[in-house]
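Engineer: Just a sequence and a predicted model for now, questions to come.
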Amino acid sequence: MTTQGGANNPIVVLKDEVLLLECIAEGLPTPTIHWRKEEDDSLKHHIETESFGKILKIKKVTKEDQGTYHCEAKNQMGSTHRSFHVHVEEPPRWEKQLESSIQTVGSEIILNCSALGTPEPQIRWRRNGVLLDGGTLPDNHQRMGGLLFIHSLQVSDSAIYQCEASNKHGTILSTANIDVLDIIPLILTPEGRTYTAVWGNNISLLCENFAFPLADVTWYHGKRIVHPVSGRYTIDEHGTLHIHKAEAQDAGSYICEVSNSKGNASVMANVVLREPTRGYVSPEHPWVKRGHSITLTCHIHCDPHLLPSQTITWRRDNQEIREDNKRIHVKSNILTIYNVSWDDAGTYYCIVTTLLDTMTAEVQVTVRDVPMPPENLRLLEKHERSILLSWAAGDSHNSPITEFIIQSIKNIEEAGQWDDETSVPGNVTTVQLYLSPYFNYQFRVLAVNGIGKSPPSVASEIYSTPPAVPDKNPHLVYFEANSPDEITVRWEPLNSDEHNGPGLEYQVSWRLKGVETEWHHRKVKHTHYIIRNTPAFVPYEIYIQTVNEIGRGPEPEIHAVYSGEDNPDAAPGNVSVSVLNQTIVNVTWMEISQDRIRGHLAGYKIIYWRVKGLQDGNPHHGQRHVLSFPGKRNWAIVPKLHPFSEYQLCVAAYNTKGVGPESSTVTFQTPEGVPEQPQYLQIANSDMESFMLTWEAPKRTNGILTSYVLYYQMINESNGVGNLSNITITNLNALSQKVPRLEVGTRYKFYLQACTRVGCGKPVSEEGLTLAQARFSSIPFSPSRTPAFAAKVPAIAYANAPHSLSSQGWFIGLMCAVALLTLLMLVACFIQRNRGGKYAVKEKEELHPAEVEVEVQSIKEQFFDDISDKKAINGSMDSVSLDIKTLDSVDSLVQYSDGEHSHFNEDGSFIGAYSESKDKGPDEETSVRHFRS
């Protein structure tokens, strides 16, 4: 075994070089060689062996590879060892080099020069290339190995300093320029520089200076010192003032002052602040249906000074949008996308750039569409009447699925229509379906989201249900009993999907309720049946039941129905009449029994007619009057009969079918009543002291007339209301009456009543004016039998006088003056009357209360009920009442009384005709009692 090298001859190798150790061994059998390092049985991973282990190779030696390596050769005969001592050395390398610097006069500096290497490098210093040793080292310099101290620096100490490190493997050199200066501050930043920024941005105001010794920097904002202790202000080592997040108050002029021991200098700067650019994109959370269009608008607020430099750029997902795409239209701040596709979804950016800032607004655009059809339909848990359907949801296309609609089709061979079976929420993917018998089913599912319905899924497999008996009977059954001998039964048919099997029919069953025990049955395929030969209005029990080839449906509902109605076949009995007054009677009768009604009782009818009037005995063939009284009853009131008449009546029952037979006729008489008012009253003639009145008898006397009563009283304005006087006229054939002994030139009012044995009826009134002189002849219009207004034209007639007096001129002039005065008075009275002239009745009564006492008997309440206020008092011939409401006519005195009066006053005034009606409401009435003689 031979080896190369040995322990006595160390192997020296430089760091980073290649090391080869060879161990040569001989023997039989051929020995195997193993390498190991002392104190480390295993070799490092970067150590290799070659030539079957004979050579140990280290490609790049490090300091850690230094040490003793052992080579062991070994075979069956024995082993031998060999050691190699490896020593690693390296040339010098810098641990720390010199650095150039500028120093001020009087300061001191330490130059540090540190080198590594094996063997350890030797350090030497040079100044401007001259070796610094004991003879050349200046007084203020001190050398300590790798350190060079220089004290009290002077301008003459400015030089190039070098540090030299060397060992047997090499030499390295480090150089530094040391400049010692003494300079007054010099500001390098230009004067009056303007810094423009936007609010919220950072601003850096430069104050570049050169000075030795180093200068102190102070900044002023206006006259105020800027203190860097504030969080928004900092001054760096170069004198630059940094303003963080500038605010509006930061604008203005600034001064940078630089000073050292040699002097000072300053420079001014201006800060201009602009509003930052702001904006947003609308709509805020946009989404668009695929295939539709969407418009995005970038709303921008920009400082007016920055508008000329403003540029707008649109990007989608950091990719700039160009206008070469025909579907995308960009117009400044508006972006429109047509025929949107799925690729158009993403984040859109509106980027606004100005000279000073950049604003970015973004919005997320979502593209939506109807869902994809559901998938993987399966039929599970199959039963005769139900099945479980399951499916998987398709893509929702960015709009959550809210609902699944399950559709079915029956009888696929008939190409029927798909019907909605049910629906479930969007988070449910199974449903239990209940099926009808005797159908072939197929199912499909549609998904619904906020956009709409998806296309239907692929149809499921066909599922057939077996036939079964019907599940239901017709639930809408109608009965018609329009004739007494039959009942028509109708019903709503079952739907085709309710047959449950082949051969559906309807079984109609009926029987007399409470009479028959067995049912009558008929099966029909249509939806109606007529039950014939029924008695009139008797109860039946009827039901409808469904039947198919499999069997009968459920137990049906039994209906109670009556057969058709017929007219009642009996008349009421014991009909009697009780007279209540001249025009009303009470009728009573005995009701007919229920079985004779033959239907639903609707009520009773009273048939009555007038036979004759009792005052003349002449028969009347009047029409029959019928009064219907609904409901179950045995009496009724018959009103509006003629007084003093003979009537006949009978009673009959009626139902919804018709009227039954009439009862036997009952005859009764109504008692005598008061007559109607005379048809008219008018003044036929008048003179200075009397009136001639004419009238027409009442149309209906309601009894036997006994007399007429004529009342009159003065109503002249100057003398007030006079006493009420009356004349009783018993000659019924005389339809006129003269009223004498009246005052000259005075207005009178007349009232005429017709009377029977029962009492007097309502009055009719008229008024007139006696002549002031000579005679007044009345020229009336031709009287008619109907009430009419009669106009009277007064004419003056002069009595004969002695010729001598009448021929005198003064007398003729006097008469003409009197005639003219009279004519003027008549005209004034006529105008006053037509304007509703007032009479001083109220004033007189207030001045003479003692005269307003009752002198004559009171009048019945109906006396003044029906006089109309639409005609003048003196022109009315058909007045029917003196109701207070109607006395507000043009010549009435109603408005001058104090209130309601039911009788005459002591002075004879007809106070009831003059009560003040203008202050009363439209529904308020004042009645005046009937006159009593």
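Structural biologist: Looks like it came in fine. The model shown is predicted, which means the values in this text are computed figures rather than measured ones.
Engineer: Quick one, grab the pLDDT at the closest residue to Tyr463 other than its chain neighbours.
Structural biologist: Using CB to CB, 6 or more residues apart in numbering and skipping residues adjacent in sequence, the residue nearest Tyr463 is Tyr441, 4.8 Å away. To be clear about C-beta, it is placed using only N, CA and C from the backbone, and glycine gets the same treatment. Turning to Tyr441, the model gives it a pLDDT of 92.
Engineer: Okay, strands next: where are they in the stretch 401-550 of the chain?
Structural biologist: Assigned by DSSP state E, counting those that start in this stretch, the strands in the stretch 401-550 of the chain fall at 403-410, 419-425, 430-434, 440-448, 463-464, 477-483, 486-491, 505-512, 520-524, 528-532, 539-547.
Engineer: any chance of those in a markdown table, plus distance to Arg368?
Structural biologist: Listed next are those as a markdown table, based on distance: least, CB to CB, whole Å:
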| stretch | distance to Arg368 |
| --- | --- |
| strand 403-410 | 16 |
| strand 419-425 | 20 |
| strand 430-434 | 26 |
| strand 440-448 | 13 |
| strand 463-464 | 35 |
| strand 477-483 | 52 |
| strand 486-491 | 51 |
| strand 505-512 | 53 |
| strand 520-524 | 57 |
| strand 528-532 | 55 |
| strand 539-547 | 50 |
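Engineer: Just send those back as CSV, with distance to Cys163 and mean neighbour count too.
Structural biologist: Output for the strands of the stretch 401-550 of the chain, formatted as CSV (distance: least, CB to CB, whole Å; neighbours: other CB atoms under 10 Å):
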stretch, distance to Cys163, mean neighbour count
strand 403-410, 87, 20
strand 419-425, 85, 13
strand 430-434, 88, 14
strand 440-448, 83, 22
strand 463-464, 100, 14
strand 477-483, 124, 15
strand 486-491, 124, 18
strand 505-512, 125, 18
strand 520-524, 130, 12
strand 528-532, 129, 15
strand 539-547, 121, 20
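Engineer: between the ones you listed, which one is nearest to Gly394?
Structural biologist: strand 440-448 (6.3 Å; CB to CB).
Engineer: How far does that closest one sit from its chain's centre?
Structural biologist: The chain centroid and the centroid of strand 440-448 are separated by 37 Å, computed with CA atoms, centre = their mean, to the nearest Å.
Engineer: and it with strand 403-410, angle?
Structural biologist: Here the directions of strand 440-448 and strand 403-410 differ by 160 degrees (axes from the mean of the first three to the mean of the last three CA atoms, to 10 degrees).
Engineer: now strand 440-448 against strand 419-425, angle please.
Structural biologist: Angle of strand 440-448 versus strand 419-425, following the same axes, to 10 degrees, is 50 degrees.
Engineer: so the residue nearest to Tyr463 bridges to which residues?
Structural biologist: Lys410, Tyr463 (DSSP bridges).
Engineer: From Gly564, how far off is it?
Structural biologist: Distance of Tyr441 to Gly564, given as CB to CB, to the nearest Å: 47 Å.
Engineer: Quick one: residues contacting Arg552.
Structural biologist: Val469, Pro470, Gln507, Gln545, Thr546 (CB atoms under 8 Å, 6 or more residues apart in numbering).
Engineer: show me the residues around the last one that make contact.
Structural biologist: Right, Thr546. Listed by CB under 8 Å, 6+ apart, the contact set of Thr546 reads Pro470, Lys472, Asn473, Pro474, Leu494, Leu504, Glu505, Tyr506, Gln507, Arg552, Gly553.
Engineer: got it, and the third one?
Structural biologist: With contacts defined as CB under 8 Å, 6+ apart, the neighbours of Gln507 are His521, Arg522, Lys523, Ile544, Gln545, Thr546, Val547, Arg552.
Engineer: where does Thr80 land in three-state SS?
Structural biologist: Following DSSP: H, G, I helix; E, B strand; the rest coil, the label given to Thr80 is strand.
Engineer: rewinding a little: farthest-separated two in the contacts of Gln507?
Structural biologist: Between all members of the contacts of Gln507, the farthest pair (by CB to CB) comes out as Arg522 and Arg552, at 14.7 Å.
Engineer: Just the terminal-to-terminal distance for stretch 13-31.
Structural biologist: One end of stretch 13-31 to the other measures 29 Å (CA to CA, to the nearest Å).
Engineer: list the buried ones in that stretch?
Structural biologist: Under the neighbour-count criterion of 16 or more other CB atoms under 10 Å, stretch 13-31 has Val13, Lys15, Leu19, Leu21, Glu22, Cys23, Ala25, Pro31 buried.
Engineer: List the beta-bridge partners for Thr353.
Structural biologist: Following DSSP bridges, Thr353 is listed with bridge partners Thr311, Thr358.
Engineer: Repeat that for Gln142.
Structural biologist: Gln142 has these beta-bridge partners by DSSP bridges: Phe149.
Engineer: Same question for Gly263.
Structural biologist: Asn260.
Engineer: That one touches Pro185, doesn't it?
Structural biologist: Yes. With contact defined as CB atoms under 8 Å, Gly263 reaches Pro185; the gap is 6.3 Å.
Engineer: Please settle this for me: is Arg596 part of a helix?
Structural biologist: Yes. Arg596: assigned to a helix according to three-state DSSP.
Engineer: how much space is there between it and Thr822?
Structural biologist: Note on Arg596: its distance to Thr822, by CB to CB, is 85 Å.
Engineer: Next: Arg757.
Structural biologist: Taking CB to CB, one finds Arg757 at 48 Å from Thr822.
Engineer: what do you get for Ser509?
Structural biologist: For Ser509, the distance to Thr822 equals 105 Å [CB to CB].
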